[in-house]
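*Asks:* Sequence and computational prediction follow.
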Amino acid sequence: MTRREEFAAVRKRGESLATRNFVMATLPHDELEHLKFGLITSRKASRKAVTRNRIRRRLRAILVRHGEKLESGRYLVIVVRRKAADASFRELEEDWLRLAGRLGILNESESRQADSA
């Protein structure tokens, strides 16, 4: 996602949940054939660009690793919180899977595994 209007629509009309590391918001869209995602890593998350970029790389890696498990036809926005700068890859991945399961965007068999984690 690159357009401000898409981000605003997801944040305003979509369903969102949060953990200590980030907020995840999602909005179904009938005209999309695939998942469209965006990351928001403001300077509030970390003053250092190196840290913000590391968090972005980690979240993109998580999306690549679990992307095939996600329902298509929706927008997904992840807003990074300050605590994410101190989190390990595994902590970020666990939080992401937990939120994806709770938001109901994981395919059925995958959401059961995320709930048990």
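*Replies:* Received, thanks.

*Asks:* Identify the residue nearest the geometric centre of the protein.
*Replies:* Among the residues of the chain, the one closest to the centroid is residue 78, at 3.8 Å (C-alpha atoms, centre = their mean).

*Asks:* So what pairs up with that one in the strands?
*Replies:* Beta bridges link residue 78 to residue 24, residue 39, judged by DSSP bridges.

*Asks:* Now do the same contact list for it.
*Replies:* For residue 78, the contacting residues are 22-25, 37-40, 59, 96, by C-beta atoms under 8 Å, 6 or more residues apart in numbering. Where you see a C-beta, it was placed from the backbone N, CA and C, and this is true even at glycine.

*Asks:* Residue 84 now?
*Replies:* Counting by C-beta under 8 Å, 6+ apart, residue 84 touches 21-22, 45, 55, 92.

*Asks:* If we ignore the residues flanking it in sequence, what's nearest residue 72?
*Replies:* Take residue 72 and drop its neighbours on the chain: the residue closest to it by C-beta to C-beta, 6 or more residues apart in numbering is residue 34, 5.0 Å away.

*Asks:* count of neighbours near the one you found?
*Replies:* Look at residue 34: counted by other C-beta atoms under 10 Å, it has 10 neighbours.

*Asks:* Could you shift the numbering so residue one becomes 46, and keep it that way?
*Replies:* OK, 46 is where the count begins now, so the last one is residue 79.

*Asks:* Sounds good, over and out.
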